[in-house]
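Novice: Quick one: sequence and predicted model below, then my questions.
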Amino acid sequence: MDYLEWNRIISRHFFNDEMAGREVILNVDSSLLNKLGENYGVGVEDFIEAVVDGPSQAYEKGFCNKALWALGRSRISGSYRQGYPLYIAYLAFLVLAVDTEGDFSDHAYYPRLNTLLGKHGGKVQPGSFMELDELWLDLQVWSIEIKSEKLGRFTTKPMGAWRHVGLPISQTLITSEEREKLPIFFVQNDFDPMLLPDYDTLSKAISESSFFKKRTKKLILSGDNEYKHLKVGLLELIQTALIEWDGVAPDIEDSDIQQNGWINSMLRLCINLDNFASSIKVTARFKTNCEFPDDEFDFYRHKDSSLWKSKGSIRNWSTELVGCYSRNTKDATLLSWSEEEVFIDNQLRWRVRLKPSLVRVLISGKHEGLNGWIETNRIEPNIHYLIASHESHVESIVNWGMNSCDGFSPLDYDGIPPQWKLYIVNNIRKPHPEIDILKFPLSYSIRFEGGIKSGKGNSYFRLAPPKIFIEGITGNETVKVSGREITDHLDNIWLLPEDAEVNAPLKIELCDGNTCVMSRILILEESGMNSRYCSPARDKYGDIITTHQQVFSVSGANVQGVSLKDIPIYKEHPPTYMSHRIIFIGNHPGLYCEWPDDNLPDNWDAVWAIAKVKRDRWKVYFVGKDLSLCNLSAINKSWTHWKKWKKVLVNLNIEPPKIRILYNLWKTYKRGAQKL
């Protein structure tokens, strides 16, 4: 295959609809190239040859000059800019060089690159190599600003001292195989996309996991400052993958719960304080990135097979779990707080778990639209918390709380499980020296909460923007939107300014002083319908059709291909849902219909519908259109059905209306019938 064919195949592999809003990593190795070229009968050797030769249209000499030519062509407005950049295969080539095997030292990148270029023994960078940084930066602009993350989001990673070489190396921090196993890694470590772990917790889990290669673990365990930027880049990448995770994971190895493709969520304890009665109520619910099913959950507790019910509620939260014992209960003190609790719904294929812990931290639920306190997994300064501690940690927590918090008080309330104590804490100044959950986070995270998405990725309708939720702040940070500082915030939730730019990428930056420590891209779009949109329609046989012109079609209330004159005017009929037998009467003795034996009246308006309830009992309903036109008139025996009309009103056992004005009107009909 030639260069452009390889560029197209590689581009489609990394940038596609399934990657919308997700981080793209150009991790290219020989096995991936062999797989991509398999259907064409080619592999990595053909790729290397095609890239060295370059595009046939490029007359420049040298690898880097041809790559810069591809960059220039990709920046041309129109179809070039909207299509895949022509230089992606060059970037893939630079990444492939990182792991090229041979007699090289660990840090030798240029000899590896020169070997791929056919210049064996070359130890210096190719000419114009430093200018290739522009390709990486342009790919970020293309994926985020031009394509609005709809095919994926590529961002340049921190480079540290290795300014130019660090860019391709940053794409090899995690292999494709390791990335595919991240969902299982998240499940096994009880990681929740709604409660992100800090870098210390994440690093420890990676070093102890069997899913990561020795090179990855070596980087995580390294204390060398030379590799610090790569380590932070790897942790940020895995944390971003957790934020984007929808909870779906394959089987968990070495587990007695073996189900493929289930949705996983973590339960959180919720506490409501009754300060007047000095008591608490504890419930459990979960939050998920995944859409809730319409049906109610029937969770079976793994420990005793008891049934617990729940369903979707507000802001991606479930309702409280309800245990279906002899008496339904929401009491989460029935669960073991120090041991893992697992609940599964076999039909809907959901699994929710309560993580075991001897110390639990809860924060106010007002930001989530919930009453009381909800469980969290980290602490930050200047915030109130509830801390529930098992008796084995009480002494340590009391000593820490009295010396490290502005406020620390025990709550001796009813409803706390045996062997547990509850404390209220204000403004934690120092972290706990031993308990991880009581340590300040060493990393930041930015999430978008709420809002209404206008499509895939981070695109939202302007009228329903998300809130910016930031974790890991200490109180000295600032948040900027496209260079302008946001001042409208409460604790760690920031609101977008009302005059934020529309239909353009908004760069959300978290700054510590003058340094941007983290950023995300958000796009606000105006609501509207594409002018070329064609609503689905059906023909007269009920089949879906693709065109509405010159044929009969129905699409909602829109009817095409027939004149309104040909459609008879709809005639409203009296209701018949009240009973299997109904007598309709009008405002004089001649207006009488006994349905279903008689046809429903179409030339007079019924005032009363007298529905049969039981053998000798009836109930009357007012069905008149205008109360002012329903007064009784022309009480005489000249009408055909006057006897039936009278018999109904005088002889039948009818329950009258309860509304006063209708009751009085009904009485006038009764008196009129008695006069006949």
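Specialist: Right, received. Where do you want to start?

Novice: all contacts plus neighbour counts: C-alpha atoms, from now on.
Specialist: OK.

Novice: Just the residues contacting the helix or strand that contains residue 204, thanks.
Specialist: Using DSSP states H and E, residue 204 sits within helix 199-208. With CA atoms under 8 Å, 6 or more residues apart in numbering as the test, helix 199-208 has contacts from 189, 212, 217, 220-221, 235, 441-443.

Novice: so where do the helices sit in the stretch 151-300 of the chain?
Specialist: 166-170, 176-180, 182-188, 199-208, 214-221, 228-244 (DSSP state H, counting those that start in this stretch).

Novice: Any chance of the ones you listed in TSV with mean pLDDT, distance to residue 42 and mean neighbour count as columns?
Specialist: Shown next, in TSV, are these (pLDDT from 0 to 100; distance: least, CA to CA, whole Å; neighbours: other CA atoms under 10 Å):
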stretch	mean pLDDT	distance to residue 42	mean neighbour count
helix 166-170	86	24	22
helix 176-180	87	21	14
helix 182-188	91	30	19
helix 199-208	92	36	16
helix 214-221	90	29	16
helix 228-244	86	32	20
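
Novice: Can you say which of those helices is nearest to residue 523?
Specialist: helix 228-244 (16.9 Å; CA to CA).

Novice: Please work out which residues outside that closest one touch it.
Specialist: For helix 228-244, the external contacting residues (CA under 8 Å, 6+ apart) are 22-23, 157-160, 170, 173-174, 182, 186, 191-194, 196-197, 199, 202-203, 219-220, 447.

Novice: and the angle from it to helix 214-221?
Specialist: 100 degrees (axes from the mean of the first three to the mean of the last three CA atoms, to 10 degrees).

Novice: For helix 228-244, what is the distance to the chain centroid?
Specialist: Helix 228-244 sits 20 Å away from the centroid of its parent chain (CA atoms, centre = their mean, to the nearest Å).

Novice: which stretches of the chain aren't confidently modelled?
Specialist: 106, 121, 158-163, 250-260, 529-533, 546-551, 564-571 (pLDDT under 70).

Novice: try 50 this time
Specialist: Where the chain drops to pLDDT under 50, the residues are 254-259.

Novice: How about the contacts made by residue 267?
Specialist: Counting by CA under 8 Å, 6+ apart, residue 267 has contacts 284-287, 352-355.

Novice: Max pairwise distance over those: which two?
Specialist: 287 and 355 (14.0 Å).

Novice: When these two are compared, which one has more neighbours?
Specialist: residue 287 (23 against 18; other CA atoms under 10 Å).

Novice: Give the closest residue to that one in space, chain neighbours not counted.
Specialist: Nearest non-adjacent residue to residue 287, counting by CA to CA, 6 or more residues apart in numbering: residue 317, 4.4 Å away.

Novice: How about the contacts made by the one you found?
Specialist: Contacts of residue 317 (CA under 8 Å, 6+ apart): 285-288.

Novice: right, and out of those, which lies closest to residue 490?
Specialist: Out of the contacts of residue 317, the member with the shortest distance to residue 490 (by CA to CA) is residue 287, at 21.4 Å.

Novice: Does the closest one touch residue 318 like I think?
Specialist: Yes - contact between residue 287 and residue 318 holds when scored by CA atoms under 8 Å: they sit 6.2 Å apart.

Novice: hmm, back to that, please identify every residue contacting each of residue 287 and residue 355.
Specialist: The overlap between the contact sets of residue 287 and residue 355 (CA under 8 Å, 6+ apart) consists of 266-267.

Novice: what about stretch 496-504, distance to the chain center?
Specialist: Mean C-alpha position of stretch 496-504 versus that of the full chain (CA atoms, centre = their mean) differs by 22 Å.

Novice: Okay, buried residues for it please.
Specialist: Using 16 or more other CA atoms under 10 Å as the test for burial, stretch 496-504 gives 496, 503-504.

Novice: ok, now stretch 460-475?
Specialist: Buried residues in stretch 460-475, counting neighbours by 16+ other CA under 10 Å, are found at 460-462, 465-473.

Novice: Next, the angle from the host helix or strand of residue 516 to helix 228-244.
Specialist: Using DSSP H and E, residue 516 sits in strand 515-525. Interaxial angle of strand 515-525 relative to helix 228-244 (the same axes, to 10 degrees): 30 degrees.

Novice: List the buried residues in stretch 659-672.
Specialist: Within stretch 659-672, the residues that count as buried by 16+ other CA under 10 Å are 665-666, 669, 672.

Novice: scratch that, stretch 409-428
Specialist: 411, 416-417, 420-428.

Novice: now do stretch 62-76
Specialist: Residues of stretch 62-76 classed as buried by neighbour count (16+ other CA under 10 Å): 63-71, 74-75.

Novice: got a list of contacts for that stretch?
Specialist: Taking CA under 8 Å, 6+ apart as the rule, stretch 62-76 contacts 52, 54-55, 58-60, 80-81, 84-87, 90, 126-129, 131-132, 135.

Novice: filter the residues you listed to the buried ones?
Specialist: The buried subset of the contacts of stretch 62-76 - by 16+ other CA under 10 Å - is 52, 54-55, 81, 84-87, 90, 126, 132, 135.

Novice: Redo those residues as JSON lines? Include distance to residue 487 and secondary structure.
Specialist: Below are the buried ones among the contacts of stretch 62-76 laid out as JSON lines (distance: CA to CA, whole Å; DSSP: H, G, I helix; E, B strand; the rest coil):
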{"residue": "52", "distance to residue 487": "52", "secondary structure": "helix"}
{"residue": "54", "distance to residue 487": "51", "secondary structure": "coil"}
{"residue": "55", "distance to residue 487": "50", "secondary structure": "coil"}
{"residue": "81", "distance to residue 487": "36", "secondary structure": "helix"}
{"residue": "84", "distance to residue 487": "39", "secondary structure": "coil"}
{"residue": "85", "distance to residue 487": "38", "secondary structure": "coil"}
{"residue": "86", "distance to residue 487": "42", "secondary structure": "coil"}
{"residue": "87", "distance to residue 487": "41", "secondary structure": "coil"}
{"residue": "90", "distance to residue 487": "43", "secondary structure": "helix"}
{"residue": "126", "distance to residue 487": "48", "secondary structure": "coil"}
{"residue": "132", "distance to residue 487": "39", "secondary structure": "helix"}
{"residue": "135", "distance to residue 487": "36", "secondary structure": "helix"}
